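> sequence unknown, structure follows:
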(Lines give C-alpha, C1' and ligand atoms only; values in the text may rest on other atoms or scores of the structure.)
Protein backbone atom coordinates (compact mmCIF):
# COMPACT_ATOMS: atom_id res chain seq x y z
CA UNK A 1 0.00 0.00 0.00
CA UNK A 2 1.21 3.53 -0.76
CA UNK A 3 -0.58 6.66 0.48
CA UNK A 4 0.04 10.16 -0.90
CA UNK A 5 -0.89 13.28 1.05
CA UNK A 6 -0.94 16.52 -0.98
CA UNK A 7 1.11 19.32 0.49
CA UNK A 8 -0.65 22.13 2.35
CA UNK A 9 2.23 24.49 1.64
CA UNK A 10 1.02 27.83 0.29
CA UNK A 11 -2.65 27.09 1.14
CA UNK A 12 -4.43 29.75 3.36
CA UNK A 13 -5.21 28.40 6.80
CA UNK A 14 -8.67 26.90 7.02
CA UNK A 15 -9.29 26.78 3.26
CA UNK A 16 -10.80 23.37 2.40
CA UNK A 17 -9.00 21.06 0.01
CA UNK A 18 -10.75 20.44 -3.33
CA UNK A 19 -12.97 17.41 -3.62
CA UNK A 20 -11.60 14.43 -5.53
CA UNK A 21 -13.32 13.47 -8.75
CA UNK A 22 -12.98 9.75 -8.11
CA UNK A 23 -14.74 7.62 -5.55
CA UNK A 24 -13.17 7.84 -2.10
CA UNK A 25 -13.53 6.27 1.30
CA UNK A 26 -12.72 7.65 4.78
CA UNK A 27 -9.95 5.80 6.60
CA UNK A 28 -8.21 6.55 9.88
CA UNK A 29 -4.67 7.93 9.74
CA UNK A 30 -2.04 7.76 12.43
CA UNK A 31 -1.71 11.08 14.26
CA UNK A 32 2.06 10.71 14.11
CA UNK A 33 1.95 10.64 10.31
CA UNK A 34 -0.21 13.77 10.13
CA UNK A 35 1.92 15.63 12.66
CA UNK A 36 5.18 14.60 11.06
CA UNK A 37 3.93 15.60 7.60
CA UNK A 38 2.97 19.05 8.87
CA UNK A 39 6.36 19.37 10.55
CA UNK A 40 8.12 18.54 7.29
CA UNK A 41 5.96 20.92 5.27
CA UNK A 42 6.50 23.80 7.68
CA UNK A 43 10.28 23.30 7.75
CA UNK A 44 12.86 25.02 5.61
CA UNK A 45 13.36 22.13 3.17
CA UNK A 46 11.75 22.57 -0.23
CA UNK A 47 8.96 20.04 -0.74
CA UNK A 48 6.98 19.76 -3.97
CA UNK A 49 3.19 19.68 -3.52
CA UNK A 50 1.73 16.18 -3.52
CA UNK A 51 5.01 14.42 -2.77
CA UNK A 52 4.52 13.18 0.79
CA UNK A 53 3.80 9.45 0.77
CA UNK A 54 3.05 6.62 3.13
CA UNK A 55 4.37 3.24 1.98
CA UNK A 56 2.61 0.50 3.91
CA UNK A 57 3.46 -3.15 4.43
CA UNK A 58 0.03 -4.11 5.75
CA UNK A 59 -0.84 -6.12 2.62
CA UNK A 60 2.43 -8.04 2.85
CA UNK A 61 1.96 -8.66 6.57
CA UNK A 62 -1.53 -9.98 5.95
CA UNK A 63 -0.34 -12.24 3.15
CA UNK A 64 2.46 -13.68 5.30
CA UNK A 65 0.10 -14.30 8.20
CA UNK A 66 1.72 -16.16 11.09
CA UNK A 67 5.11 -15.98 9.37
CA UNK A 68 5.24 -12.19 9.76
CA UNK A 69 6.79 -12.16 13.24
CA UNK A 70 9.58 -14.48 12.15
CA UNK A 71 10.53 -12.52 9.03
CA UNK A 72 9.51 -8.92 9.77
CA UNK A 73 13.05 -7.81 10.62
CA UNK A 74 14.27 -9.05 7.24
CA UNK A 75 11.27 -7.41 5.54
CA UNK A 76 12.10 -4.05 7.11
CA UNK A 77 15.78 -4.45 6.22
CA UNK A 78 14.86 -5.15 2.59
CA UNK A 79 12.48 -2.16 2.55
CA UNK A 80 15.14 0.17 3.92
CA UNK A 81 17.66 -0.96 1.34
CA UNK A 82 15.08 -0.54 -1.44
CA UNK A 83 14.36 3.03 -0.33
CA UNK A 84 18.06 3.89 -0.07
CA UNK A 85 18.65 2.53 -3.57
CA UNK A 86 15.82 4.47 -5.24
CA UNK A 87 15.64 7.82 -3.44
CA UNK A 88 17.99 10.76 -3.93
CA UNK A 89 20.04 12.44 -1.18
CA UNK A 90 17.54 15.33 -1.20
CA UNK A 91 14.57 13.08 -0.47
CA UNK A 92 13.51 12.14 3.06
CA UNK A 93 12.18 8.87 4.40
CA UNK A 94 11.70 7.30 7.79
CA UNK A 95 9.91 4.38 9.42
CA UNK A 96 6.71 5.54 11.08
CA UNK A 97 5.58 2.37 12.85
CA UNK A 98 5.66 -1.42 12.53
CA UNK A 99 4.34 -1.45 8.97
CA UNK A 100 4.53 2.06 7.48
CA UNK A 101 7.21 4.30 5.98
CA UNK A 102 6.92 8.02 5.21
CA UNK A 103 8.64 9.24 2.02
CA UNK A 104 9.09 12.91 1.12
CA UNK A 105 10.21 13.75 -2.42
CA UNK A 106 12.06 17.02 -2.89
CA UNK A 107 11.60 17.34 -6.66
CA UNK A 108 9.26 14.82 -8.29
CA UNK A 109 5.74 15.89 -9.08
CA UNK A 110 2.80 13.82 -7.88
CA UNK A 111 2.39 11.47 -10.92
CA UNK A 112 6.11 10.70 -11.12
CA UNK A 113 6.34 10.20 -7.36
CA UNK A 114 3.35 7.84 -7.43
CA UNK A 115 5.06 5.73 -10.10
CA UNK A 116 8.29 5.58 -8.09
CA UNK A 117 6.52 4.59 -4.87
CA UNK A 118 4.28 2.15 -6.70
CA UNK A 119 7.33 0.45 -8.18
CA UNK A 120 8.93 0.19 -4.73
CA UNK A 121 5.84 -1.59 -3.47
CA UNK A 122 5.78 -3.81 -6.58
CA UNK A 123 9.40 -4.80 -5.94
CA UNK A 124 8.53 -5.67 -2.34
CA UNK A 125 5.63 -7.84 -3.51
CA UNK A 126 7.85 -9.57 -6.04
CA UNK A 127 10.73 -10.20 -3.62
CA UNK A 128 8.68 -11.17 -0.56
CA UNK A 129 5.58 -12.78 -2.03
CA UNK A 130 6.88 -13.97 -5.40
CA UNK A 131 4.23 -11.97 -7.26
CA UNK A 132 4.92 -8.91 -9.43
CA UNK A 133 1.41 -8.55 -10.85
CA UNK A 134 1.03 -4.78 -11.33
CA UNK A 135 -2.74 -4.95 -10.88
CA UNK A 136 -2.25 -6.45 -7.42
CA UNK A 137 -0.18 -3.47 -6.23
CA UNK A 138 -2.65 -0.99 -4.74
CA UNK A 139 -1.72 2.70 -4.64
CA UNK A 140 -3.82 4.91 -2.38
CA UNK A 141 -3.78 8.71 -2.63
CA UNK A 142 -4.90 10.36 0.61
CA UNK A 143 -6.31 13.88 0.95
CA UNK A 144 -6.21 15.45 4.38
CA UNK A 145 -9.54 17.12 5.27
CA UNK A 146 -9.94 20.13 7.54
CA UNK A 147 -11.62 17.94 10.16
CA UNK A 148 -8.55 15.69 10.35
CA UNK A 149 -10.11 12.83 8.38
CA UNK A 150 -8.66 11.33 5.24
CA UNK A 151 -10.29 10.67 1.89
CA UNK A 152 -8.60 7.89 -0.07
CA UNK A 153 -8.53 7.46 -3.84
CA UNK A 154 -7.66 3.91 -4.85
CA UNK A 155 -5.72 2.90 -7.96
CA UNK A 156 -3.57 0.01 -9.13
CA UNK A 157 -0.06 0.44 -10.46
CA UNK A 158 -1.06 -0.70 -13.95
CA UNK A 159 -3.81 1.93 -13.90
CA UNK A 160 -1.27 4.62 -12.97
CA UNK A 161 0.84 3.59 -15.95
CA UNK A 162 -2.23 3.79 -18.17
CA UNK A 163 -2.93 7.29 -16.83
CA UNK A 164 0.62 8.34 -17.70
CA UNK A 165 0.06 7.18 -21.27
CA UNK A 166 -3.31 8.95 -21.48
CA UNK A 167 -1.79 12.14 -20.10
CA UNK A 168 0.82 12.04 -22.83
CA UNK A 169 -1.91 11.50 -25.42
CA UNK A 170 -3.83 14.48 -24.04
CA UNK A 171 -0.84 16.75 -24.50
CA UNK A 172 -0.87 15.82 -28.17
CA UNK A 173 -4.44 16.99 -28.80
CA UNK A 174 -4.33 19.60 -31.53
CA UNK A 175 -0.73 18.82 -32.48
CA UNK A 176 -0.34 18.52 -36.22
CA UNK A 177 0.81 15.13 -37.45
CA UNK A 178 1.01 13.58 -33.98
CA UNK A 179 4.57 12.28 -34.48
CA UNK A 180 5.47 8.94 -35.98
CA UNK A 181 2.40 6.75 -36.34
CA UNK A 182 2.13 3.10 -35.30
CA UNK A 183 0.12 0.31 -36.74
CA UNK A 184 -0.20 -3.42 -36.11
CA UNK A 185 0.99 -5.72 -38.86
CA UNK A 186 -1.00 -8.72 -37.72
CA UNK A 187 2.18 -10.79 -37.50
CA UNK A 188 3.35 -9.59 -34.07
CA UNK A 189 0.79 -10.55 -31.44
CA UNK A 190 2.99 -9.54 -28.52
CA UNK A 191 4.39 -6.12 -29.50
CA UNK A 192 3.35 -4.10 -32.52
CA UNK A 193 5.82 -2.42 -34.85
CA UNK A 194 5.97 1.25 -35.74
CA UNK A 195 5.11 2.27 -39.26
CA UNK A 196 7.79 4.34 -40.96
CA UNK A 197 5.97 4.62 -44.29
CA UNK A 198 4.64 8.13 -43.60
CA UNK A 199 8.05 9.42 -42.54
CA UNK A 200 9.95 8.27 -45.69
CA UNK A 201 12.60 6.76 -43.41
CA UNK A 202 14.46 3.56 -44.36
CA UNK A 203 13.15 0.59 -42.40
CA UNK A 204 15.59 -0.09 -39.54
CA UNK A 205 17.12 -3.53 -39.12
CA UNK A 206 18.19 -5.05 -35.78
CA UNK A 207 21.00 -7.48 -34.90
CA UNK A 208 21.96 -9.03 -31.55
CA UNK A 209 25.38 -8.30 -30.01
CA UNK A 210 26.80 -10.88 -27.55
CA UNK A 211 28.18 -9.78 -24.18
CA UNK A 212 30.75 -11.70 -22.13
CA UNK A 213 30.24 -11.83 -18.36
CA UNK A 214 33.78 -11.34 -17.05
CA UNK A 215 32.92 -12.71 -13.60
CA UNK A 216 30.97 -15.84 -14.54
CA UNK A 217 32.91 -16.45 -17.77
CA UNK A 218 29.80 -16.93 -19.87
CA UNK A 219 28.10 -15.35 -22.88
CA UNK A 220 24.49 -15.06 -21.76
CA UNK A 221 23.52 -11.45 -22.57
CA UNK A 222 22.59 -9.93 -25.93
CA UNK A 223 22.02 -6.27 -26.83
CA UNK A 224 19.94 -5.02 -29.75
CA UNK A 225 22.10 -3.08 -32.18
CA UNK A 226 21.52 -1.64 -35.70
CA UNK A 227 22.92 -3.41 -38.73
CA UNK A 228 25.56 -1.61 -40.82
CA UNK A 229 23.10 0.24 -43.07
CA UNK A 230 20.89 1.34 -40.18
CA UNK A 231 23.94 2.39 -38.16
CA UNK A 232 25.14 4.60 -41.04
CA UNK A 233 21.74 6.26 -41.29
CA UNK A 234 21.57 6.85 -37.54
CA UNK A 235 25.04 8.39 -37.64
CA UNK A 236 23.92 10.83 -40.36
CA UNK A 237 21.10 12.08 -38.16
CA UNK A 238 23.64 13.85 -35.93
CA UNK A 239 22.85 17.06 -37.83
CA UNK A 240 19.69 17.22 -35.72
CA UNK A 241 16.12 18.16 -36.53
CA UNK A 242 12.94 16.13 -36.78
CA UNK A 243 14.52 13.43 -38.98
CA UNK A 244 17.01 12.74 -36.18
CA UNK A 245 14.24 12.26 -33.67
CA UNK A 246 12.15 10.12 -36.00
CA UNK A 247 15.08 7.90 -36.93
CA UNK A 248 15.82 7.22 -33.25
CA UNK A 249 12.16 6.53 -32.46
CA UNK A 250 11.78 4.18 -35.42
CA UNK A 251 14.85 2.18 -34.43
CA UNK A 252 13.79 1.98 -30.77
CA UNK A 253 10.39 0.57 -31.71
CA UNK A 254 11.93 -1.94 -34.11
CA UNK A 255 14.50 -3.03 -31.51
CA UNK A 256 11.82 -3.57 -28.88
CA UNK A 257 9.50 -5.41 -31.26
CA UNK A 258 12.29 -7.63 -32.63
CA UNK A 259 13.68 -8.45 -29.19
CA UNK A 260 10.32 -9.46 -27.76
CA UNK A 261 9.11 -11.28 -30.85
CA UNK A 262 12.25 -13.42 -31.03
CA UNK A 263 12.35 -14.04 -27.28
CA UNK A 264 8.74 -15.27 -27.32
CA UNK A 265 9.72 -17.95 -29.83
CA UNK A 266 13.01 -18.88 -28.16
CA UNK A 267 11.44 -18.97 -24.69
CA UNK A 268 8.93 -21.53 -25.95
CA UNK A 269 11.92 -23.62 -27.07
CA UNK A 270 13.56 -23.44 -23.60
CA UNK A 271 16.10 -20.74 -24.50
CA UNK A 272 17.06 -18.41 -21.66
CA UNK A 273 19.30 -15.33 -21.90
CA UNK A 274 19.43 -11.70 -20.77
CA UNK A 275 18.25 -9.17 -23.35
CA UNK A 276 19.24 -5.49 -23.42
CA UNK A 277 16.91 -3.14 -25.32
CA UNK A 278 18.19 0.36 -26.25
CA UNK A 279 15.93 3.40 -26.09
CA UNK A 280 16.99 6.95 -26.99
CA UNK A 281 16.37 9.94 -24.75
CA UNK A 282 14.20 11.59 -27.44
CA UNK A 283 11.88 8.58 -27.48
CA UNK A 284 11.00 9.04 -23.80
CA UNK A 285 11.49 12.77 -23.26
CA UNK A 286 9.15 13.90 -26.06
CA UNK A 287 5.54 13.28 -25.06
CA UNK A 288 4.25 12.30 -28.50
CA UNK A 289 6.94 9.60 -28.71
CA UNK A 290 6.72 8.43 -25.11
CA UNK A 291 3.04 7.51 -25.40
CA UNK A 292 3.64 5.16 -28.32
CA UNK A 293 6.68 3.53 -26.73
CA UNK A 294 5.02 2.89 -23.35
CA UNK A 295 2.01 1.42 -25.14
CA UNK A 296 4.41 -0.96 -26.87
CA UNK A 297 6.08 -1.83 -23.56
CA UNK A 298 2.74 -2.69 -21.98
CA UNK A 299 2.38 -5.53 -24.49
CA UNK A 300 5.59 -7.25 -23.28
CA UNK A 301 4.58 -10.64 -21.85
CA UNK A 302 4.90 -10.73 -18.07
CA UNK A 303 7.05 -13.86 -18.05
CA UNK A 304 9.73 -12.18 -20.20
CA UNK A 305 10.17 -9.00 -18.19
CA UNK A 306 12.62 -10.47 -15.67
CA UNK A 307 14.98 -11.26 -18.57
CA UNK A 308 14.93 -7.75 -20.09
CA UNK A 309 16.88 -4.57 -19.36
CA UNK A 310 16.50 -1.13 -20.94
CA UNK A 311 19.53 0.92 -21.97
CA UNK A 312 19.12 4.72 -22.16
CA UNK A 313 21.06 6.29 -25.05
CA UNK A 314 21.99 9.88 -25.98
CA UNK A 315 21.34 11.39 -22.56
CA UNK A 316 22.09 15.13 -22.67
CA UNK A 317 24.78 16.46 -20.39
CA UNK A 318 23.52 17.61 -17.02
CA UNK A 319 20.16 15.84 -17.25
CA UNK A 320 18.45 16.64 -13.90
CA UNK A 321 17.74 13.98 -11.31
CA UNK A 322 13.98 14.48 -11.54
CA UNK A 323 13.88 13.80 -15.29
CA UNK A 324 16.18 10.78 -15.00
CA UNK A 325 14.12 9.31 -12.15
CA UNK A 326 10.94 9.82 -14.15
CA UNK A 327 12.33 7.96 -17.18
CA UNK A 328 13.64 5.12 -15.04
CA UNK A 329 10.30 4.82 -13.25
CA UNK A 330 8.48 4.56 -16.57
CA UNK A 331 10.67 1.68 -17.76
CA UNK A 332 11.22 -0.35 -14.59
CA UNK A 333 7.79 -2.03 -14.54
CA UNK A 334 8.66 -3.72 -17.85
CA UNK A 335 12.19 -4.99 -17.11
CA UNK A 336 14.60 -6.14 -14.42
CA UNK A 337 16.87 -3.09 -14.74
CA UNK A 338 17.50 0.24 -16.46
CA UNK A 339 21.04 1.09 -17.63
CA UNK A 340 22.60 4.16 -19.18
CA UNK A 341 25.25 4.45 -21.91
CA UNK A 342 27.35 7.49 -21.13
CA UNK A 343 29.28 9.62 -23.59
CA UNK A 344 30.89 11.77 -20.93
CA UNK A 345 32.68 10.22 -17.93
CA UNK A 346 31.89 13.42 -16.04
CA UNK A 347 28.27 12.28 -15.71
CA UNK A 348 27.30 11.98 -12.04
CA UNK A 349 26.81 8.24 -11.57
CA UNK A 350 25.68 8.73 -7.98
CA UNK A 351 22.72 10.73 -9.28
CA UNK A 352 22.05 7.96 -11.78
CA UNK A 353 22.02 5.36 -9.02
CA UNK A 354 19.71 7.42 -6.84
CA UNK A 355 17.35 7.85 -9.80
CA UNK A 356 16.99 4.08 -10.14
CA UNK A 357 19.66 3.33 -12.76
CA UNK A 358 21.41 -0.02 -12.20
CA UNK A 359 24.30 0.04 -14.66
CA UNK A 360 26.50 2.37 -16.72
CA UNK A 361 28.53 1.68 -19.84
CA UNK A 362 30.79 3.00 -22.57
CA UNK A 363 30.93 2.37 -26.31
CA UNK A 364 34.36 2.75 -27.92
CA UNK A 365 34.70 3.59 -31.60
CA UNK A 366 37.72 2.37 -33.60
CA UNK A 367 39.51 5.70 -33.21
CA UNK A 368 39.97 5.18 -29.46
CA UNK A 369 43.44 3.84 -28.68
CA UNK A 370 44.07 0.98 -26.29
CA UNK A 371 45.65 3.38 -23.80
CA UNK A 372 42.69 5.80 -23.93
CA UNK A 373 40.23 2.93 -23.52
CA UNK A 374 42.16 1.61 -20.52
CA UNK A 375 42.05 4.99 -18.76
CA UNK A 376 38.37 5.51 -19.48
CA UNK A 377 37.40 2.05 -18.24
CA UNK A 378 39.36 2.55 -15.03
CA UNK A 379 37.65 5.89 -14.34
CA UNK A 380 34.23 4.44 -15.14
CA UNK A 381 34.63 1.50 -12.79
CA UNK A 382 35.99 3.63 -9.96
CA UNK A 383 32.98 5.93 -10.13
CA UNK A 384 30.49 3.07 -10.63
CA UNK A 385 31.77 1.13 -7.61
CA UNK A 386 31.22 4.15 -5.35
CA UNK A 387 27.62 4.38 -6.63
CA UNK A 388 26.81 0.66 -6.56
CA UNK A 389 26.40 0.32 -10.35
CA UNK A 390 27.56 -2.51 -12.56
CA UNK A 391 29.51 -1.60 -15.70
CA UNK A 392 29.62 -2.66 -19.35
CA UNK A 393 31.79 -1.74 -22.31
CA UNK A 394 31.38 -2.13 -26.09
CA UNK A 395 34.10 -1.95 -28.73
CA UNK A 396 36.59 -4.33 -27.09
CA UNK A 397 38.61 -5.40 -30.10
CA UNK A 398 41.80 -7.11 -28.86
CA UNK A 399 43.49 -8.90 -25.97
CA UNK A 400 44.91 -5.66 -24.58
CA UNK A 401 41.46 -4.09 -24.18
CA UNK A 402 39.92 -7.31 -22.83
CA UNK A 403 42.62 -7.65 -20.18
CA UNK A 404 42.30 -3.95 -19.29
CA UNK A 405 38.52 -4.30 -18.91
CA UNK A 406 38.91 -7.21 -16.51
CA UNK A 407 41.62 -5.43 -14.55
CA UNK A 408 39.40 -2.35 -14.19
CA UNK A 409 36.44 -4.46 -13.03
CA UNK A 410 34.10 -4.14 -16.01
CA UNK A 411 31.23 -6.61 -15.57
CA UNK A 412 30.22 -7.15 -19.21
CA UNK A 413 32.20 -6.63 -22.43
CA UNK A 414 31.26 -6.77 -26.11
CA UNK A 415 33.05 -6.21 -29.37
CA UNK A 416 34.94 -8.03 -32.12
CA UNK A 417 37.00 -9.98 -29.60
CA UNK A 418 33.82 -11.42 -28.03
CA UNK A 419 31.95 -12.22 -31.23
CA UNK A 420 30.10 -10.68 -34.18
CA UNK A 421 26.53 -9.40 -34.20
CA UNK A 422 24.03 -12.11 -35.12
CA UNK A 423 20.48 -12.33 -36.42
CA UNK A 424 19.38 -14.30 -33.35
CA UNK A 425 20.61 -14.76 -29.76
CA UNK A 426 22.13 -18.13 -28.88
CA UNK A 427 22.04 -20.46 -25.91
CA UNK A 428 24.18 -19.51 -22.91
CA UNK A 429 27.79 -20.49 -23.66
CA UNK A 430 30.63 -20.83 -21.16
CA UNK A 431 34.10 -19.99 -22.39
CA UNK A 432 37.45 -18.64 -21.24
CA UNK A 433 39.20 -15.51 -22.43
CA UNK A 434 41.75 -17.65 -24.26
CA UNK A 435 38.97 -19.43 -26.16
CA UNK A 436 37.37 -16.11 -27.14
CA UNK A 437 40.67 -14.67 -28.35
CA UNK A 438 41.46 -17.80 -30.35
CA UNK A 439 38.00 -18.02 -31.94
CA UNK A 440 37.94 -14.36 -32.96
CA UNK A 441 41.45 -14.05 -34.27
CA UNK A 442 43.04 -11.79 -31.65
CA UNK A 443 46.63 -12.41 -30.49
CA UNK A 444 46.96 -13.94 -27.02
CA UNK A 445 49.17 -11.15 -25.68
CA UNK A 446 48.35 -8.94 -22.74
CA UNK A 447 49.11 -5.31 -22.16
CA UNK A 448 52.80 -4.96 -21.19
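Okay, I see it. Computed from a predicted model, the values in this text were never measured in an experiment. Residues are numbered from 1 along each chain as shown.

> and the host helix or strand of residue 69, which residues are buried?
Using DSSP states H and E, residue 69 sits in helix 68-86. By neighbour count with 16 or more other C-beta atoms under 10 Å, helix 68-86 contains the buried residues 68, 72, 75, 79, 82-83, 86. (Glycine included, C-beta is placed from N, CA and C.)

> just stretch 364-376 next, same as before
Neighbour-count burial for stretch 364-376, counted by 16+ other C-beta under 10 Å, picks out 364, 368, 370, 373-374, 376.

> Against residue 205, how distant is residue 297?
Distance from residue 297 to residue 205, counting by C-beta to C-beta, to the nearest Å: 21 Å.

> Likewise for residue 395?
20 Å.

> Please apply the same query to residue 384.
Separation of residue 384 from residue 205 (C-beta to C-beta): 32 Å.

> If you count surrounding residues, which of those two has more?
residue 384 (25 against 15; other C-beta atoms under 10 Å).

> Got the domain ranges for this structure?
2-171, 197-439 (automatic domain parsing).

> any chance you could map the strands in the stretch 251-400 of the chain?
Here the stretch 251-400 of the chain has its strands, by DSSP state E, counting those that start in this stretch, at 274-280, 308-313, 337-341, 359-363, 390-394.

> Show me where the stretch 1-150 of the chain dips below the pLDDT cut-off.
Low-confidence regions of the stretch 1-150 of the chain, defined by pLDDT under 70, span residues 1-52, 88-90, 106-110, 112, 130-150.

> try 80
1-56, 58-59, 82, 84-92, 96-97, 99-100, 102-150 (pLDDT under 80).

> pLDDT below threshold where in the stretch 301-448 of the chain?
317-318, 343-347, 440-448.

> ok, 50 please
444-448 (pLDDT under 50).

> so residue 210 touches residue 418, yeah?
Yes - using C-beta atoms under 8 Å, residue 210 is in contact with residue 418, at 5.7 Å.

> Find residues that contact each of these two.
The contact sets of residue 210 and residue 418 overlap at residue 219 (C-beta atoms under 8 Å, 6 or more residues apart in numbering).

> Provide the backbone phi and psi angles at residue 336.
Main-chain torsions, residue 336, degrees, to the nearest 10: phi -80, psi -20.

> Now for it, how many residues are close by?
14.

> what sits against residue 334?
By C-beta under 8 Å, 6+ apart, the residues touching residue 334 are 297-298, 300, 305, 308, 310.

> How about residue 359?
Counted by C-beta under 8 Å, 6+ apart, residue 359 has contacts 309, 337, 339-340, 384, 389-392, 411.

> try it again with 6 Å
Listed by C-beta atoms under 6 Å, 6 or more residues apart in numbering, the contact partners of residue 359 are 339, 389-390.

> got it, and residue 305?
334-335.

> The one 5 residues further on too?
When the contact criterion is C-beta under 6 Å, 6+ apart, the partners of residue 310 are 277, 279, 331, 335, 338.

> Which neighbouring elements make contact with the longest helix anywhere in the chain?
Of all the segments of type helix in the chain, defined by DSSP state H, the longest one is helix 242-268. Helix 242-268 sits against strand 206-213, strand 274-280, helix 281-285, with contacts defined as 3 or more C-beta pairs under 6 Å, 6 or more residues apart in numbering; DSSP states H and E.

> Let me know the angle separating that helix from strand 274-280.
170 degrees (axes from the mean of the first three to the mean of the last three C-alpha atoms, to 10 degrees).

> Helix 242-268 versus strand 308-313: what angle between them?
Using the same axes, to 10 degrees: helix 242-268 against strand 308-313 is 160 degrees.

> Please spell out which residues along helix 242-268 are buried.
Residues of helix 242-268 classed as buried by neighbour count (16+ other C-beta under 10 Å): 244-264, 266.

> What's the separation between residue 219 and residue 437?
14 Å.

> What of residue 319?
38 Å.

> next one: residue 301
For residue 301 relative to residue 437 (C-beta to C-beta), the value is 37 Å.

> Between the two, which is the more surrounded one?
Neighbours around residue 301 and residue 437, counted as other C-beta under 10 Å, are more numerous at residue 437. The numbers are 19 against 13.

> so what's residue 102 up against?
Per C-beta under 6 Å, 6+ apart, neighbours of residue 102: 54, 94, 96.

> picking that back up, compare the helices and strands packed on helix 242-268 and give me the one nearest residue 425.
strand 206-213 (5.0 Å; C-beta to C-beta).
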